[in-house]
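In: Got a sequence here, can you model it:
(chains A, B, C and D)
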There are 2 protein chains.
Amino acid sequence: MTEATRRERLRAETEREIRQAARALLVESGRDAVTLRAIARKLGITAPALYRYYDSHDALLRQLCDDICDDMATALHEDLAADPTAKVDCKVRTVCHAFRRWALAHPQEFALVFASPRDPLGADQFGSVFLRLAGPLIASNQAANHVDAEVPSVLHEDLVRFQQVLAGAVSATGVELDGHVLNLGKIYHVVQSWVRLYGHVALEVFGRFPFAVTNPEPMFDSMLDQMLMDIGFSEAPESAGAPESAGR
Amino acid sequence: MTEATRRERLRAETEREIRQAARALLVESGRDAVTLRAIARKLGITAPALYRYYDSHDALLRQLCDDICDDMATALHEDLAADPTAKVDCKVRTVCHAFRRWALAHPQEFALVFASPRDPLGADQFGSVFLRLAGPLIASNQAANHVDAEVPSVLHEDLVRFQQVLAGAVSATGVELDGHVLNLGKIYHVVQSWVRLYGHVALEVFGRFPFAVTNPEPMFDSMLDQMLMDIGFSEAPESAGAPESAGR
DNA sequence: GAACTCTTGTAAACACCGTTCACTGAAACC
DNA sequence: GGTTTCAGTGAACGGTGTTTACAAGAGTTC
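Out: Below is the predicted model:
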């Protein structure tokens, strides 16, 4: 079984240490501190040795991005697995909260993976991670009644492609859905939800709300309530910042 | 009148050239290319000379951020001034489109100003620039009927502060509004709109939609329509990607 | 066991970076 | 005319990514 030779084991161990050191530097001191020489220093080796493991500084950062996304995926899955019997709308709420919590707890990672314009770093990793989880949940909501006609026809082609991705993610979980439930209108709302969710989380992580928000959580909850209503889940159940009686 | 001495004029001119060179480097080759030595090279001087103008590389980047925001503000104002007689909902639409267009045309600038976690760079410059323009427009919509009760009470305090900022921006334009129109419910929807607008634009600029979008414009238009409806503007007038009749 | 290759590391060097410091020379001031 | 002010220089320091030539151990082959 363990056909890894001694050399292979050592190499794997060193690579693990490299990733670990890079991650620690990122978390402690930000992106600019993730230096080949700093990593090498942590391992007690010299910088050029790292070229035996990665082609360039850039390649190492790319690997770091992948690791980060894997970690986030794990975190989201764990939060979701905590209550497997929950109703689907609760699950959506859970995974949205989990995304926000993870981002706030890992601002440097979030910034690294997300915010570099169009370069190969990150591509769309967060979107993929999150939507492969939340997308099927949202889309599987039998109650919602969005129809394809709401969607601008120009978008049909793109959405159909995304529909296939989501369908794959759904069937990977073992659940079976007929194509009727996973219609284009719903897919479209999944994307719209991602826009709002990402907008809020990015603004919060980067501290870029247009005014000082002393406690952004109720704002997030409120946005989430609205979002869930918009995508066809019934009236929001649990609500943190309870609004005082309706009326208009 | 021209009490600027010869030396002062030369200094001002050099500083202008520094900013110009920095901006050119950013646009051509990205944030990492904006180095003191590269700037100095463009001006035909040596790097230490730049310390006569800026305390550090960081201070220079901060100045660059300010310049960028000023430019964006100018661009938005110009787009809005093109049709001063337009109805308020058209103006909102115009300024939202202008924000997207500017961001897409200046991805490096957008990334620099926006995407650095919490550091003093940028603070919330884009939000300020945009919302000082669009906020009053949205908030001045007499037709909308949001009430404070919709807003989670925890947010009242923060929103009141933002309300004052917007009120200041409104009165700066000469228009008079009674407090009734600029109520908290509307302020809240202004913020929610900013979340969606920013979410879409950032995802598009950074190329981070969860699937390949061949033409994001109709998606933006569609989001904008929905957003304007949500904040109480009547049915969207102009609509790019006409949906084919209702039915399912 | 000797000879060989393959792999992992080193040391030195290159070009670049931000920053500091002692300095020059010209403009501005009295 | 003498003095001060100040933009700009050149050299230096410690940092960076990357390349190159080289050493030394691990694994393999005969």
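In: domains of chain A?
Out: Listed domain ranges for chain A are A:1-54, A:65-247 (source: automatic domain parsing).
In: Throw those domains into CSV and include mean pLDDT, thanks.
Out: Listed next are those as CSV, based on pLDDT from 0 to 100:
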stretch, mean pLDDT
domain A:1-54, 92
domain A:65-247, 81
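In: Among those domains, show me which one is buried the most.
Out: domain A:65-247 (a mean of 18; mean count of other Cβ atoms under 10 Å in any protein chain shown). Placement of C-beta: from N, CA and C, glycine included.
In: does it come close to DNA strand D?
Out: No: Domain A:65-247 does not reach DNA strand D (Cβ under 7 Å from any atom of the strand); its nearest approach is 13.7 Å.
In: ok, now stretch A:8-24?
Out: No: figure legend: stretch A:8-24 not in contact with DNA strand D (Cβ under 7 Å from any atom of the strand); closest approach 8.0 Å.
In: does any part of that stretch sit near chain B?
Out: No: in terms of Cβ under 8 Å from any Cβ of the partner chain, no part of stretch A:8-24 sits within range of chain B; the closest distance is 15.9 Å.
In: residues making contact with that stretch?
Out: Defining contact as Cβ atoms under 8 Å, 6 or more residues apart in numbering or on different chains, one finds that stretch A:8-24 is touched by A:4, A:34, A:38-39, A:42-43, A:50, A:53-54, A:60-61, A:63-64, A:67-68.
In: for chain A, what spans make up the strands?
Out: Using DSSP state E, chain A contains no strands.
In: Which residue ranges of it form helices?
Out: A:6-29, A:36-43, A:57-81, A:88-105, A:107-114, A:125-139, A:156-172, A:184-205, A:216-230 (DSSP state H).
In: Which of the ones you listed sits closest to B:His77?
Out: Checking the helices of chain A against B:His77 by Cβ to Cβ gives helix A:184-205 as the closest, at 23.3 Å.
In: Using PDB, write out every CA atom in stretch A:193-204.
Out: Extracted in PDB, the C-alpha atoms of stretch A:193-204 (Å, rounded to 0.1, in the frame of the first residue of the first chain):
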ATOM      1  CA  SER A 193     -28.500  36.000  -4.800                       C
ATOM      2  CA  TRP A 194     -24.800  35.400  -5.100                       C
ATOM      3  CA  VAL A 195     -24.400  39.000  -6.300                       C
ATOM      4  CA  ARG A 196     -26.100  40.300  -3.200                       C
ATOM      5  CA  LEU A 197     -24.400  37.900  -0.800                       C
ATOM      6  CA  TYR A 198     -21.000  38.600  -2.200                       C
ATOM      7  CA  GLY A 199     -21.700  42.400  -2.300                       C
ATOM      8  CA  HIS A 200     -22.500  42.500   1.300                       C
ATOM      9  CA  VAL A 201     -19.700  40.200   2.500                       C
ATOM     10  CA  ALA A 202     -17.000  42.000   0.400                       C
ATOM     11  CA  LEU A 203     -18.100  45.400   1.600                       C
ATOM     12  CA  GLU A 204     -18.000  44.100   5.200                       C
END
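In: Quick one, which of the helices of chain A gets closest to A:Glu150.
Out: Evaluated over the helices of chain A, closeness to A:Glu150 peaks at helix A:184-205, with 5.1 Å, by Cβ to Cβ.
In: chain center to that closest one: distance?
Out: Relative to its parent chain, helix A:184-205 has a centroid offset of 11 Å by Cα atoms, centre = their mean, to the nearest Å.
In: how far off helix B:125-139 does that helix point, in degrees?
Out: 120 degrees (axes from the mean of the first three to the mean of the last three Cα atoms, to 10 degrees).
In: Is it correct that A:Leu25 is in contact with A:Leu36?
Out: No: using Cβ atoms under 8 Å, A:Leu25 is not in contact with A:Leu36; the gap is 10.6 Å.
In: Need the overlap of contacts for these two.
Out: By Cβ under 8 Å, 6+ apart, no residue touches both A:Leu25 and A:Leu36.
In: DNA strand C next: which of the contacts of stretch A:8-24 are close?
Out: Within those, those near DNA strand C by Cβ under 7 Å from any atom of the strand are A:Tyr53.
In: Need the domains of chain A in JSON lines (columns: distance to B:Asp158).
Out: Output for the domains of chain A, formatted as JSON lines (distance: least, Cβ to Cβ, whole Å):
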{"stretch": "domain A:1-54", "distance to B:Asp158": "28"}
{"stretch": "domain A:65-247", "distance to B:Asp158": "5"}
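In: Can you tell me the closest non-neighbouring residue to the residue of chain A found nearest chain B?
Out: With Cβ to the nearest Cβ, the shortest gap between chain A and chain B falls at A:Gly199, namely 2.5 Å. Leaving aside its sequence neighbours, A:Gly199 sits nearest to B:Gly199 (Cβ to Cβ, 6 or more residues apart in numbering or on different chains; 2.5 Å).
In: Next, the contact list for the one you found, please.
Out: Here B:Gly199 is in contact with A:194-200, A:202 (criterion: Cβ under 8 Å, 6+ apart).
In: between the residues you listed, which is closest to DNA strand C?
Out: Checking the contacts of B:Gly199 against DNA strand C with Cβ to the nearest atom of the strand, the nearest one is A:Ala202 at 27.4 Å.
In: For the closest one, list the residues it contacts.
Out: Neighbouring residues of A:Ala202 by Cβ under 8 Å, 6+ apart: A:110, A:114, A:208, B:198-199, B:202.
In: what does chain A have sitting close to DNA strand C?
Out: Chain A comes close to DNA strand C at residues A:7, A:10-11, A:14, A:40, A:44-46, A:48-49, A:52-53, as judged by Cβ under 7 Å from any atom of the strand.
In: The same query, at a cut-off of 10 Å, please.
Out: A:5, A:7-15, A:17-18, A:37, A:40, A:43-53 (Cβ under 10 Å from any atom of the strand).
In: Stretch A:52-63 near chain B at all?
Out: No: shown here: stretch A:52-63 not in contact with chain B (Cβ under 8 Å from any Cβ), separated by at least 11.0 Å.
In: What residues of that stretch count as buried?
Out: A:54, A:60-63 (16 or more other Cβ atoms under 10 Å in any protein chain shown).
In: is it up against DNA strand D anywhere?
Out: Yes: counting by Cβ under 10 Å from any atom of the strand, DNA strand D has neighbours in stretch A:52-63: A:52, A:54-61.
In: In terms of distance to DNA strand C, which of the residues you listed ranks first?
Out: Here the nearest of those to DNA strand C, counting by Cβ to the nearest atom of the strand, is A:Arg52; it sits at 4.9 Å.
In: who's in contact with the closest one?
Out: Contacts of A:Arg52 by Cβ under 8 Å, 6+ apart: none found.
In: Pull up the gap between it and A:Thr14, please.
Out: Computed as Cβ to Cβ, to the nearest Å, the A:Arg52 to A:Thr14 distance reads 9 Å.
In: cool, and A:Asp55?
Out: 16 Å.
In: Equivalent analysis for A:Leu155, please.
Out: A:Leu155 is 47 Å from A:Thr14, where distance means Cβ to Cβ.
In: now A:Gln192
Out: Distance, A:Gln192 to A:Thr14, using Cβ to Cβ: 45 Å.
In: Equivalent analysis for A:Asp79, please.
Out: Counting by Cβ to Cβ, the gap from A:Asp79 to A:Thr14 is 32 Å.
In: ok, now A:Ile39?
Out: For A:Ile39, the distance to A:Thr14 - Cβ to Cβ - is 11 Å.
In: same question, A:Leu203
Out: 40 Å.
In: Next up, phi/psi of the closest residue in space to A:Leu60 that isn't next to it in sequence, please.
Out: Excluding its sequence neighbours, the residue lying closest to A:Leu60 (Cβ to Cβ, 6+ apart) is A:Tyr54, at 4.3 Å. Reported as degrees, to the nearest 10, the phi and psi values for A:Tyr54 are phi -140, psi 140.
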